[in-house]
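**Q** Fold the following.
(2 chains)
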Amino acid sequence: MATISVPIGQRAEPQRKLPGFAEYLRWSVDHKIIGVQYGVTALLFFLIGGALALLIRWELLTPSIDLMADGKAYNQLFSIHGTVMIFLWIIPMFGAVANYVVPLQLGAKDMAFPWLNAFAFWLIPPAGILLLMGYFIGQTEAGWTSYPPLSTLFSDDGQTLWAMSIHLLGLSSILGSINLIVTILNMRPEGMSIWQMPLLCWAVLATSLIAVMATPFLAGALTLLLLDRVGGTAFFDPSRGGDVLLWQNIFWFYSHPAVYIMVLPGMGVLSEVLSVHSRKPIFGYRMIALSSLAIALIGFTVWAHHMFTSLQPELRIPFMITTMIIAVPTGIKIFGWLGTIWGGKIRFTSAMLFSLGFLSMFVIGGISGVMLAAVPFDYQAHDTYFVVSHFHFVLFGGSVFAIYSGIYHWYPKVTGRLLDERLGKLHFALTYVSFFFTFFPMHWVGLLGMPRRVAVYAPELQGWNIVIGIASFVLGISTFVILYNLVWSFYNGKVAGANPWRALTLEWATTSPPPAWNFDEDPVPFEDPYGYGTEAATQYLDAIDRTFGLPEPSPKSGALPRLNPSPAVGD
Amino acid sequence: MDLSPRRESHNSVVPSIPVIIFFFALTLVGGFIIAQATPLILPAQASLQAQNTDQLVFILLLIGGVVFCITQGILVYAIFRFRARANDTTDGVPFHGNATLEIVWTIIPAIIVAVLAVLSFNVWTTNNTPREAVNFVNGESIRVMSIGARYAFAFEYYTNEAFTANDGTEQKAVLRSDALHVYAGQHVNVEMEARDVIHSFWVPAFRVKQDLIPGRITEVRFDPIRTAEGFPYRFDADGVIQTLTPEQARLSADEARAQGIGDRFTIYPLRCTELCGSGHGAMIANVFVHEDEQAYLNNFYNPTLDSVLNPPDDPILQGRTVLQAGAYPCANCHILTSLNWNGVVGPTLNGIGTRAARRVGGRNAVEYLVESIHLPNEYIVPGYAAGQMPYFGTSLTPPPGHAPYNFMPENDLIGIVAYLCIQTESGDPTTTTCGFEVNPDGTSVDPAVTREVIEAVTATYRSLYGQE
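**A** Coordinates of the predicted model:
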């Protein structure tokens, strides 16, 4: 008989209580509270950014400026939309996932530096407020990329607040990443080598390495921008010896790796969800883990593909080549995930649906990414709606779908209750279809002649813009389905139990929600975090159920049907 | 304890070789169908560069389409084939990978992107090779500049025609236009500079895009060609654009001339694609592609050159010529019905010749107009934003400490102010409040007096620019 590792633990209280509401509003060093703080803050900013996006689409229903007062007000819309979605929604939301889940997956009591963790989070609310305060003093209108001299000599003071806000968010990102790197490298439990670590931890490790290496460059660029704006310097003023391309180079040296900061954690979420919900081991664990690191590394060599129309012509080709190479490790992941669900027993939970949605939509973003890397094609597509389409396929069809998937997957762990599956499926259907019709037509709208960041466009493109607009309003409405679900299920959802998905990673080897220090006794990790389909795994999962108990069937609908019912309960 | 797979064996989920071959053949067909969309998603193909680029787009769509079909095909098939049946509580087949397969899907994408890189490099090289005889006009190359300033493009053609300027020096004539004029078959090379922020030069029909960068001269090359639609426009006797029938548009140049509809052209939009401020979306210019060099000369080059070599005496007429040529980016922000301007970023200029005198206390009409061009932020019309209008100065570079500005020769300034003076509210130019007499037809009673009245004001700014 082979050795079976089982988590050792006292049978805990069947339903543990969450900390009081007030705990979430004040300084706490508990990574679980901080994770929720990250998540709720990010969701609030998601709503703001989404509202701005709908105003953009409303304006674009007609080819002339009519909703907004003037072009300046319109420019402020997409500038704040982009900044909020990137720096205050996707990055902090993955901060939420990493903060909450990573220490649990490692069987740790908390992050390596709990105080630093709290500090990193509390930089975010003031930064967000600072950004929105810009509306009172002339909001930034230079886009989230803020190219000088538009952002230096020709912008109102909101631009200064923008730079200060991003400075704070960058600092938060660096501090959070240092914490995660130290936690992941040092706090794994006995019996979990780095090659037995869940792939979300691998993805977060790669992400954090990028953030620590790249974000200081953003800080440098922002410092120069602030000095030009308020310190009388001329780093970006060509009439006084400065160079406007300096900003583009430093900014994209951060902001291209930042694209991977925004998508690698999502890929980590996908690796968890696809394996658990198709009841099958991950296909090619090492390749998926290492491709995260490869993406992180190659990601530092491709920044100038954002500058194919401004860079010196002879430098464009090398960046085209590096950009095309980065498609290879991304492809490894995609095929690895397809191999994961192949031969599985796929359960179409809401979490799984969004991960499958990621797989199908992200591929489109990847294909358009390779097309954009081809310099002659990029001349046509650069700064048009084709690019808008591309990065929304990657960031919405990719990152946001992964976030949704992660919410459905881990909400039971956070709250102790499952999200309503019927609402979840409605949410998925609405989101998937309206997302596609919002962003897919943008490909040819851009190629046919519509630049991005314009409120005035050629009248013959109005038809497609109306299609896009209507789809985007449905997409906006679909967000309220999950918001309603999050609140409704918090009070009325089915009780989840410790391990509703019968997953092997350690965050499920404790009660939902977990106790103050996560585990009543040190947990013993299973030898393979994705080793589904073996007798040993079944025994391990049954042991978790025995230790923590199964939820009582609710009178209304009954508990989730159990998979792999234990043949014998005993010993 | 038995750790080996239960219930289903590894082999049961491996498809057979014929199925695999059939699947990849299907995806090839799918990719080929998707690639047929190439002409539908791209605008008219009006340059050699566009033809080369579109061949690359076809290949990109073909390969992208195959990749799309492979991944979505496997995904959809797996979702149906491997869905958990009701009450099936078992796990999937526990296999952890396949080294051969993983190597294959690393190497093949690597080869594909290598091929794409080589193909793209070839197209890029072909499209950018320097050519002989660029911007050929009248047997010689001329220099063509595109100037981006918020929120309009202006174009300058540095000809080889000498003339004697007002100050007595011998100069080469420079033609100015708010549109880019080229002809089919010309090797065009446009040099570019930005006066304020970064702009970008994009002609979708040519598949070229290049940023205009402050502090640098950048350039873009393209070779306009005749498209299947031919040339659908020509100027009628009054200089108004006349639309031809599709049959007339498709005639050869000789046939068209024989039928008396010669000197045709076609027009493509040129759009700014780098965010440059509130008027960015409306920063559009026209590219006129004339059917041949003769049409180019007749429609654009010769008449424009004539107006430069033989300028009118009257500052009002000079001002109108300068403004009509689009040498300054006024049209995209201001309304001025007499020149068909309809911008909305700035206040209307209709009736300014009446209002100017009462706008600012202590400033007469000419003083107000001159100040509004030199230092536009001194007085902001209620309801409009400060900082939108560029400064214009009459020396080439701003004095130390002065905000950056666009160069406007004093003679141009005098002409523009004179022309604005006759834009009265009643529409009757004789009621101007500028202090010089104007005929009912909008010309100066005495051009010398008009010039003298305005120059008295513009001269006071010379000290600001260190000219005195």
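**Q** all strands for the stretch 351-468 of chain B, in order.
**A** All strands of the stretch 351-468 of chain B, identified by DSSP state E, counting those that start in this stretch, fall at B:391-393, B:405-407.
**Q** For the closest residue to residue B:453 other than its chain neighbours, give me its contacts.
**A** Computed as C-beta to C-beta, 6 or more residues apart in numbering or on different chains, the closest residue to residue B:453 that is not its neighbour in sequence is residue B:436, at 4.7 Å. All C-beta atoms are positioned from the backbone trio N, CA, C, and that covers glycine. Counting by C-beta atoms under 8 Å, 6 or more residues apart in numbering or on different chains, residue B:436 makes contact with B:421, B:444-446, B:449-450, B:453-454.
**Q** With residue A:329 instead?
**A** So residue A:329 contacts A:291-292, A:294-295, A:298 (C-beta under 8 Å, 6+ apart).
**Q** secondary structure class for residue B:75?
**A** Recorded secondary structure, residue B:75: helix (DSSP: H, G, I helix; E, B strand; the rest coil).
**Q** quick one on the thing from earlier: take the contacts of residue A:329 and keep only those in helices.
**A** The members of these that map onto helices under DSSP state H are A:291-292, A:294-295, A:298.
**Q** Could you identify the most distant pair in those?
**A** Across the ones in helices among the contacts of residue A:329, the longest distance by C-beta to C-beta is 11.3 Å; it joins A:292 and A:298.
**Q** near chain B, anything from the host helix or strand of residue A:34?
**A** Secondary structure assignment for residue A:34, by DSSP states H and E: helix A:31-59. No. Using C-beta under 8 Å from any C-beta of the partner chain, helix A:31-59 never reaches chain B; the gap is at least 10.3 Å.
**Q** any idea which helix or strand comes after that helix?
**A** Heading C-terminal from helix A:31-59 (DSSP H and E), you reach helix A:71-83.
**Q** Would you mind getting the angle between that next one and helix A:31-59?
**A** If you take axes from the mean of the first three to the mean of the last three C-alpha atoms, to 10 degrees, helix A:71-83 sits at 150 degrees to helix A:31-59.
**Q** Also compute the angle for the helix or strand following helix A:71-83 relative to helix A:31-59, please.
**A** Next helix or strand after helix A:71-83 toward the C-terminus (DSSP H and E): helix A:91-105. Between helix A:91-105 and helix A:31-59, the angle comes out at 150 degrees (the same axes, to 10 degrees).
**Q** Can you get me a residue count around the spatially closest residue to residue A:178 that is not a sequence neighbour?
**A** The shortest distance from residue A:178 to any non-neighbouring residue, by C-beta to C-beta, 6+ apart, is to residue A:212 (6.1 Å). Burial of residue A:212, expressed as a neighbour count using other C-beta atoms under 10 Å in any protein chain shown, amounts to 17.
**Q** Against chain A, how distant is residue B:347?
**A** 12 Å (C-beta to the nearest C-beta, to the nearest Å).
**Q** Wait, that residue touches residue B:334, no?
**A** Yes. The criterion here is C-beta atoms under 8 Å, and residue B:347 meets it with residue B:334 at 7.1 Å.
**Q** which residues do these two both contact?
**A** Contacts common to residue B:347 and residue B:334, judged by C-beta under 8 Å, 6+ apart, are absent.
**Q** how many other residues sit next to residue A:48?
**A** 18.
**Q** what's it in contact with, if anything?
**A** By C-beta under 8 Å, 6+ apart, the contact set of residue A:48 is A:84, A:132.
**Q** how deep is residue 325 tucked in, by neighbour count?
**A** Since no chain was named, I'll use chain A. Neighbours of residue A:325 (other C-beta under 10 Å): 19.
**Q** my bad, chain B
**A** For residue B:325, the count of nearby residues is 19 (other C-beta under 10 Å).
**Q** and the gap between residue A:394 and residue B:199?
**A** Computed as C-beta to C-beta, to the nearest Å, the residue A:394 to residue B:199 distance reads 27 Å.
**Q** Give the residue from residue A:292 and residue A:298 that has the larger number of neighbours.
**A** For residue A:292 versus residue A:298, the count of surrounding residues by other C-beta under 10 Å is larger for residue A:292: 27 against 19.
**Q** May I have the secondary structure class of the closest residue to that one other than its chain neighbours?
**A** Excluding the flanking residues, the one nearest residue A:292 by C-beta to C-beta, 6+ apart is residue A:206, at 3.9 Å. Recorded secondary structure, residue A:206: helix (three-state DSSP).
**Q** Now for residue A:206, how many residues are close by?
**A** Neighbour number of residue A:206 under other C-beta under 10 Å is 26.
**Q** And the pLDDT for it?
**A** Note for residue A:206: predicted pLDDT of 96.
**Q** shouldn't it be in contact with residue A:264?
**A** Yes. Under the criterion of C-beta under 8 Å, residue A:206 makes contact with residue A:264 at 5.4 Å.
**Q** if we can go back for a sec, what mean pLDDT does the helix holding residue A:34 get?
**A** Per-residue scores along helix A:31-59 average to 97.
**Q** And for stretch A:210-224?
**A** What stretch A:210-224 shows for mean pLDDT is 96.
**Q** And stretch B:182-195, by the same measure?
**A** pLDDT averaged over stretch B:182-195 gives 94.
**Q** Show me which helix or strand of chain B is least confident by mean pLDDT.
**A** strand B:405-407 (a mean of 75; mean pLDDT, DSSP states H and E).
**Q** Would that strand count as contacting chain A?
**A** No. Using C-beta under 8 Å from any C-beta, strand B:405-407 stays clear of chain A, coming no nearer than 9.9 Å.
**Q** In terms of secondary structure, what does that strand contact?
**A** Strand B:405-407 is packed against strand B:391-393, with contacts defined by 3 or more C-beta pairs under 8 Å, 6 or more residues apart in numbering or on different chains; DSSP states H and E.
**Q** buried residues in the strand it packs on?
**A** Using 16 or more other C-beta atoms under 10 Å in any protein chain shown as the test for burial, strand B:391-393 gives B:391-393.
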